[in-house]
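1. missing the sequence, but the structure's below:
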């Protein structure tokens, strides 16, 4: 069983603020990426968008943002895995294979076939319906991504545009 460990970042955003700057949206609880690097804490202030790690800070003045766009990520691996599991379930159905009792008669729905078909269908449904929203913030030399709920991303866009 694999355990996913994420790096905990103990950097305070407040220490990077300048005079007159206030945090409008704390994005630290969301998936933040800068130029394909992860493990950032972040905030959108009334002046800048800030992404911070333990040893570096990426920021951009809201007025220097060249482009903002929404994107939906597609997890193609889910579709491939779902199709493979469905295919294996179909093969087990034709051959009469069952994990629990060995071979049964061909073209019979054993417990293994049912489990495989349901698992494959669930993976494909997840592929179809799970597409997280991403806000892409482009500047002249970097791309910043925030993945989160659409209403938060819309509010961030409004804040950035307000201060252009």
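-> Good, I have the coordinates. Owing to the predicted nature of the structure, the values given are computational and were not obtained by experimental measurement.
2. List the contacts of the closest residue to residue 99 other than its chain neighbours.
-> Once flanking residues are discounted, residue 99 sits nearest to residue 112: 4.3 Å by C-beta to C-beta, 6 or more residues apart in numbering. (Glycine included, C-beta is placed from N, CA and C.) Contacts of residue 112 were listed using C-beta atoms under 8 Å, 6 or more residues apart in numbering, and they are 89, 92, 97, 98, 99, 100.
3. The first one: which element?
-> Of the helices and strands defined by DSSP states H and E, residue 89 is found in helix 76-95.
4. okay but residue 148 is in contact with residue 28, surely?
-> No. Counting by C-beta atoms under 8 Å, residue 148 stays clear of residue 28, with 10.8 Å between them.
5. The two: who's more crowded?
-> Shown here are residue 148 and residue 28; by other C-beta atoms under 10 Å, residue 148 has more neighbours (18 against 15).
6. what's the pLDDT at the more buried one?
-> Looking at residue 148, its pLDDT reads 82.
7. same deal with the one 5 residues further on?
-> The model reports residue 153 with a pLDDT of 86.
8. Who's the closest spatial neighbour of it, skipping the chain neighbours?
-> Among residues not flanking residue 153 along the chain, residue 135 sits closest, at 4.2 Å (C-beta to C-beta, 6+ apart).
9. do residue 35 as well
-> residue 142 (5.3 Å).
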